[in-house]
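S.K.: Everything below, folded, please.
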Amino acid sequence: MGVAPLQSALATASAMLAALIGVLALLRRGQWVTSLLFSSSFLAVAAFQAGTLGLLRASDPTPARAWATYLTTISSLSAWLWLALSLVLGRPDPRAQLRSARFVLAFALLASVTFFVVAHTPWVVNRVERSGAEWVLVLGSLGKICLMYLVAVMVAVLMNLESTLRIAPPSALRRLRPMLLAFVLAIFYNLYVVSTGLLYGQLRAGVVAAGAVPVFAAGVITAFALARHRLSDMSLPLARPVLYYSSVSLTLAGAFLLAMAALSKVLPVLSPEWKRWVSVLFYVLAGGGGLVLTFSPRAARRVKRFVDRNFYANRYDYRREWERVSRALSPTARPEAVCLQIVELMRAVFETERVAIYLRDDRSDRYLCISDPTAPELPAGNPLLGELARSREPLVFSALADDLDYIPLVVENRALIVALQAEACVPLWVGEELVGLMWLGAKKSGEGFSQEDVEFMSTMSRQLAGALWFARLGEQLAETRQLESLHRLSSFVLHDIKNQVSGLSLMLENAQRHLHDPQFQRDALAVVARTVENLRELMTQVSGVARPARLVRERCRAGELVREALEKCGLQTESGGELRVELDCPRDGEVEVDPRLIHRVLVNLLTNAREALNGRGLIRVGVALDPGPAGGLSIAVSDNGRGMSADFIRESLFRPFASTKPAGLGIGLVQSKSIVEAHGGRIEVESQSGRGTTFVVRLPHRESPASQENAAHGG
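M.R.: Now for the predicted structure:
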């Protein structure tokens, strides 16, 4: 039987190269377990290629069947060696890897030994036939099971190699990637060979021998890698443990096997012509899909994202991380403080040194870096913003390096990416509005951002954007309230100053005619003194809202305090008419208070009562002294005026600039409450709309520890 010289040369070359690599792996010192498995795996490949050469050169069925049996035994042994090698290759502790996978390896070894034992029976290779110029191996029932075992092992090897690539840092990835991709190329062809055997129940010697081409290519790449680096140099450094990985290879292999199992049932009932067309279509779709995933980064990302979302457990404990985010952010802080909180949070979560937060400036519609004012700005027309608005997902720049659609976008923003040392850009969305961007640098461990990292960024970004947005709104609302308060305060002060200026202006006009009149001079001085006193009282009233009261205690009579306050407000108990005043006060009761400040409290309460009546009604003032050892003073001021609503009392009373009076400023009660509390007392209120109001001031007769401390600290 003639053998094509090219087939014979390729089989011989691949066998010799594989044997050379096996010897070279032993000479290049490294982990002895890894070196032994690496050498044994390539020596097994060399033995398989030698068996392929023997099958090609067999002249009759008897030696051809002997070589087919030999290939079966070598295949089962080689499969187990490559499975073990894929577990330890690049790992710093290979023995620990083997121990963790001991049950899988034990099961695979048992299957390999079983197929090694039964390989000589017709159940594996039923017979060998000649078809034209080549041999055809017709498989028995155990032969198909053996091929299924080989497929399962090759899928497991692909998964392990993918896991190695995923966890390898960039420094080790440059050394490992060429060799691992060469292994994958050879495994893909062997999957094709095995799938034809499962579909047709037979293997053609020419198809098996053609595997020498990818084996030789993989051998050349591996030889160069070993010539430059020892196996120990390819070991992955210890980094943060990877708790999960999504295996695209497992998903695609599962789909491939499912389609192949369906075809194995369909093809036997089809005509030879239909068998050929269906087989060609199957391999075109499978091969085309593999090429698309290999050369289209966008398609690979979509498949990977689908697998991550639907088939694999989460790397992050989202409930714990959500609590971590909630604890890290302070919703009442300023936007700058929230940005710093986010920076520290993202550094801790993703173990990255560099984090930058950009927020949109509403006035210029540009994006400015809040966390680092020296960082360059981002104009509104930047195409990066358009891409983020379209995808609404984080962008990882290393994953876009080979995508032609994204190259112009990355090139245009190269200066910004380099300045920020950015590895990923995360949009911060609030509803349909892009309020900012978050830039993340590379991880300390050197590993890239996985798809679940991207998903977690996207999930976190919504809460982070909301925190920034509400902090910004809170700051704007605080500024608005401050401006409103300033406007109301200035209106009140200007109104009072205008009244004082009017009196002074009238006096100046009269001074031109009556300046030499002694009586006018006395009246003018009185007007000036009264104006100065009123302005001082205005200044005290306004500044006393934010400044704690300073107490100067004296022994004084409660009745005198109340009567002086009534006189100051222009109220008289004996007056008739529509506005009446009733006073119930003991004459001999003494208290120890600051008379000036308590006088101000009583004036505020009495003035409010008078203005609430609008010149018609009843004001009651009651003073009560507690004769007990602790003592105490209670002063109640009541009116039957318009009163206040429960909502106003609960939400606005005793707050600055809240008043029910059209021209009221709302600072008198705030000041009164501060004075009473500085004395260690409290102020109570009862009111109903349309039925009047009662304020009760309760003061201790003797100083409490709290009031003593307030007095010592100026209030």
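
S.K.: Specify the local secondary structure of the residue nearest the centre of the chain.
M.R.: Central residue of the chain (Cα atoms, centre = their mean): residue 460, 2.8 Å from the mean position. Using DSSP: H, G, I helix; E, B strand; the rest coil, the structure places residue 460 in helix.

S.K.: Residue 642 now?
M.R.: Residue 642 ends up coil, using three-state DSSP.

S.K.: repeat for residue 556
M.R.: Assignment for residue 556 (three-state DSSP): strand.

S.K.: who's in contact with it?
M.R.: 590-593, 595 (Cβ atoms under 8 Å, 6 or more residues apart in numbering). Backbone N, C-alpha and C define where each C-beta goes, glycine included.

S.K.: which phi and psi does residue 620 have?
M.R.: With angles defined as degrees, to the nearest 10, residue 620 sits at phi -110, psi 130.

S.K.: Of the contacts of residue 556, which belong to strands?
M.R.: The strands, defined by DSSP state E, take in 590-593 from those.

S.K.: What about residue 26, how many residues nearby?
M.R.: Residues lying near residue 26 (other Cβ atoms under 10 Å) number 15.

S.K.: Over to residue 42?
M.R.: With other Cβ under 10 Å as criterion, residue 42 counts 28.

S.K.: do residue 119 as well
M.R.: Burial of residue 119 is recorded as 22 neighbouring residues (other Cβ under 10 Å).

S.K.: Look up how far residue 81 lies from it.
M.R.: According to Cβ to Cβ, to the nearest Å, residue 119 and residue 81 sit 17 Å apart.

S.K.: among the ones in strands among the contacts of residue 556, who's most crowded?
M.R.: residue 593 (26 neighbours).

S.K.: Can you list the low-confidence ranges for the stretch 401-550 of the chain?
M.R.: Filtered on pLDDT under 70, the stretch 401-550 of the chain yields the residue ranges 401-404, 478-479, 481-489, 491-496, 498-500, 502-503, 538, 540-550.

S.K.: Which stretches in it count as helices?
M.R.: Assigned by DSSP state H, counting those that start in this stretch, the helices in the stretch 401-550 of the chain fall at 407-412, 414-420, 451-514, 518-543.

S.K.: Dump those helices to a markdown table, plus distance to residue 16.
M.R.: Formatted as a markdown table, the helices of the stretch 401-550 of the chain follow (distance: least, Cβ to Cβ, whole Å):
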| stretch | distance to residue 16 |
| --- | --- |
| helix 407-412 | 43 |
| helix 414-420 | 48 |
| helix 451-514 | 42 |
| helix 518-543 | 98 |
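
S.K.: what's the closest of the ones you listed to residue 391?
M.R.: helix 451-514 (10.3 Å; Cβ to Cβ).

S.K.: ok, and for stretch 523-530, which residues are buried?
M.R.: In terms of neighbour count (16 or more other Cβ atoms under 10 Å), stretch 523-530 has its buried residues at 524, 527.

S.K.: Send me that stretch as CSV with only the CA atoms.
M.R.: Coordinates of each C-alpha in stretch 523-530 appear next as CSV, following Å, rounded to 0.1, in the frame of the first residue of the first chain:
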residue,chain,number,x,y,z
ASP,A,523,-36.3,115.6,72.2
ALA,A,524,-33.7,115.0,69.5
LEU,A,525,-31.3,113.4,71.9
ALA,A,526,-34.1,111.2,73.1
VAL,A,527,-34.9,110.1,69.5
VAL,A,528,-31.2,109.3,68.8
ALA,A,529,-30.9,107.3,72.0
ARG,A,530,-34.1,105.4,71.3
